[in-house]
Structure formats: C-alpha cells, structure tokens
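1. Okay, predicted coordinates and the sequence, questions at the end:
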Amino acid sequence: MKIHLIGIGGIGVSALAQYYLGKGHEVSGSDLVASEITNFLKQKGVKIIIGNFAKNIEKDFDLVIFSPAVKKDNVEFKTAKKLGIKTQSYPESLGDLTKEFYTIAVAGAHGKSTTTAMVALILIKAGLDPTVIVGTKVKEFGNSNFRAGNSKLLVIEACEYDSSFLYYSPKIIVITNIDKEHLDYFKTFANVKKAFEKFIMRLPKPGEAGYPGHLVKDLSIEHPDAKKIKSILKVPGEHNVLNALAALQVARILVVPDNITFEALAEFTGTWRRFEIKEGKAGDKKIIVVSDYAHHPNEILATLTATREKYKDKKIWCVFQPHQHQRTYYLFNDFVKVFKEVVIDKIIITDIYDVAGRETKKINKEVSSKKLVEKINKESIVYCATDKIEKLVKENVGLFDVLIIMGAGDIYKLADQF
C-alpha cells in the first residue's frame, strides 16, 4: 500500500507512520515545518515533504491519513477527496488498528505518556512484546514514540481532545484522572466528564469479543502498594506514584508477576520532557536543568511540588511558556491560583505558544502572559519575552541552581541551549 500522512510531524501521526513503514508499506508525509520528528522519520525511510501542496497527493495513493489539527480546507485533504482516495483521521486510523489487537488504552488529563511508557516497559520485561504508541519519546524505544511488537498486545495513549478516544476499541482502559482540559473543544467540564463516560462504554459488553473488559481508575496515594512504589521510583512526585499504581493494576490484570513489575518500575527513569534531568551551564556556571511538558495548572502544581521535594536545599528557577491562548483564557484563574501557591524561588513566564488551527483572534487579544503576571502579582514571578530569556538565565541563575523549563510548546529548545 501507498500511504500518505498529512501533519506527519505530530506525535501520534508519526507513530502510525512508523507502524505502516514497519509493515512494509510505502509511506510519505507532509508537515508545515521540519522538526526533530520529521528528521527522525526521514532517517527511517519515510518520504518527508515540508509544506502542504496539491502535488503531494499522488493518484495511486491507497490511503491518506490526516492529523486532527488538519482542517477540511487543507489543500492536500481536498485533493485526496477530489481524487477519490480513502481518507481517515488519525483517531479513525488508530481506531481500526485497536480492533486488530488486544488494546490497552491509557487516557486522562495528565500522566498519560508516563503511564503508557510504564505499562509498556513492564510488559516488555515480562516478555509479552507489545506494540506501543505513546505521546512522547522513550529512550528504551530508541528515542522514538513507537515500538513494534510481535504479539497481539497494543498499548496506546488515548487522547480525549476532539473526542478522539471514542474511535478506539480497548479491552483495558486506564483513566489517570479527569480535569478541566481542552475546554476550547469541550467548552465545559461537564462535557469533559461525559466524553470519558462514553469512552468507558467502549469496553466490550457481554457477548462481545474480549468480554469482560477492565477499567483502572480512582487510585489514591493511600493504596496499599503506594509506599513500596514510592520507595523504588526514580521519577519524583506523588503523581508518578499514582501513574505507577495504574501500571501495576494493568500488569496484574495481564497476570504479570509483581516482582517483574516492581523491577521494571524501579528501572524507569522517565521519558522525553517529563521531568527530564540534565547537567547544564548558565554561562560558565554548572547548573541542573529539568525539562518538563507541564502546561495545565494542575500539572504545573504537581511538577513544581515534586521539584521542591527533590531539591529541598537548592535555589529553583522556573521558565514557563503557556500553551495556547485558549487554554490560558479558559484556565486563567486556575493559573493565577497555582502560581500564587507554589514555593519556587523565581518564576519567569514567557510569551504564549500559539497552536496552529486552535486559536481565535478575539481570545488572543484578551489574554497574554503580561496580564497573567500582573494578576498573579507576586514578587518572585516576572514576565520576560522569549528572545530575552537566555540572557536573563545566564546572568542570574547561580552555580548549582536548578532551572526547570516547562511547557508543551517549543520552550524545550531552550533547555538544549544550557
């Protein structure tokens, strides 16, 4: 088959590209800009085109898959439709895949990627050889977000945005938590909860293949295994204890011995941009750099609380890049509350990262990082333009200080500069 993917630089779409490539299909893809992901895929043998053009769609394509971020007026999408080529969204395509496997779907507002990686590494250690699609790079997968297995087990990260997870047919569902997230799509928290209720209904029913399905949710820090897990985990924070507890429950459903599970969890050192610790330099001063994906108020609170717990006696600096104007707008008061609450020596909030296709001019005018800092009104929190942060850090961060660079946009590139 010849398969083309529009928006191939997306973390989910790129994993599907690797899956189809591994199955021997001819795979091509386009995206608006080159990235680490598109470069990685090119090295793997995927034909990568930067830019969306009608000519990218060839008449003999068997399937065109498009990212949820791709709009219906996209020139490649319209051309594929005009030529009568089968088109599928990423969730539709992944949904078809979930029917071919015994699928474990990890959903939730926060902790999906970490929990998916934990589950996958436990199953690998147990010799169950799963195929894995995760929303971040995992070093055990060769710094990829995809692993090809040789069994009927599939572990996927199931995102709720655009109700994508309602296309999936899992046998085990993990819900790490439910929160006020993706309100640009859901509008209300009540709608978020309704979507998760519908997702749970995707588990097999009596008489269907795979019945009974299994649901893992509502785990708390008082769980009998929490203390043991906390003592062996290398990744800090109570939120990661909860992620590991969820992975443990999945392993038990699949009859993986606890000793194997605990070994795998003890070896887990995290994933890309999830409390990723590096040695760095601010000018000629040695510092500790932490790169983290946190971009929702509750994620920020969990991450910065874990940072303070881990580095009790060190001075901690945080650079935070808000992700998307709409999220900042809908959760403005929650951001204010969290940043007033956290005990971090210095927090620098930089310009909001725009997400293509998910912004509106009206909201863009109503919210900004400067307005957020003004509302927080805390001496330890300042605004700094993105292009001036490197200079500020080099001049002010001290020897052996901790610098946590946080956000879901391109702020991670700053971590690479130190």
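-> Structure received.
2. shouldn't residue 85 be in contact with residue 57?
-> Yes - using Cβ atoms under 8 Å, residue 85 is in contact with residue 57, at 7.0 Å. Heads up, the C-betas are built off the backbone N, CA and C, glycines and all.
3. Now do the strands in the stretch 301-418 of the chain.
-> 316-320, 346-349, 381-383, 402-406 (DSSP state E, counting those that start in this stretch).
4. closest to residue 104 out of those?
-> strand 402-406 (28.7 Å; Cβ to Cβ).
5. Quick one: mean pLDDT for the closest one?
-> Summarised as a single mean, pLDDT over strand 402-406 is 95.
6. What is the three-state secondary structure of the residue most central in space within the chain?
-> Nearest to the geometric centre of the chain sits residue 135, at 4.3 Å (Cα atoms, centre = their mean). Following DSSP: H, G, I helix; E, B strand; the rest coil, residue 135 is assigned to strand.
7. next one: the one 5 residues further on
-> Reducing the assignment to helix, strand or coil with three-state DSSP, the entry for residue 140 is helix.
8. what number of residues lie near it?
-> 16 (other Cβ atoms under 10 Å).
9. would TSV of the strands of the stretch 301-418 of the chain with distance to residue 394 be doable?
-> Below are these laid out as TSV (distance: least, Cβ to Cβ, whole Å):
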stretch	distance to residue 394
strand 316-320	12
strand 346-349	13
strand 381-383	16
strand 402-406	11
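10. Let me know which of those strands is the nearest to residue 215.
-> strand 402-406 (31.3 Å).
11. CA atoms only for that closest one, dumped as PDB, please.
-> Extracted as PDB, the C-alpha positions of strand 402-406 are listed here (Å, rounded to 0.1, in the frame of the first residue of the first chain):
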ATOM      1  CA  VAL A 402      18.000  24.200  39.400                       C
ATOM      2  CA  LEU A 403      16.500  25.500  36.200                       C
ATOM      3  CA  ILE A 404      13.200  23.900  35.300                       C
ATOM      4  CA  ILE A 405      12.000  24.700  31.700                       C
ATOM      5  CA  MET A 406       8.300  24.000  31.400                       C
END
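12. ok, and what's touching it?
-> Identification of contacts with strand 402-406 by Cβ atoms under 8 Å, 6 or more residues apart in numbering yields 280, 282, 287-295, 300, 303-304, 307, 311, 314-321, 393, 397, 411-412, 414-415, 418.
13. List the strands paired with that strand, with their directions.
-> Applying DSSP bridges, strand 402-406 is found paired with strand 285-292 (parallel), strand 316-320 (parallel).
14. Make JSON lines from the ones you listed and add mean pLDDT to it.
-> Putting the strands paired with strand 402-406 into JSON lines (pLDDT from 0 to 100) gives the following:
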{"stretch": "strand 285-292", "mean pLDDT": "94"}
{"stretch": "strand 316-320", "mean pLDDT": "96"}
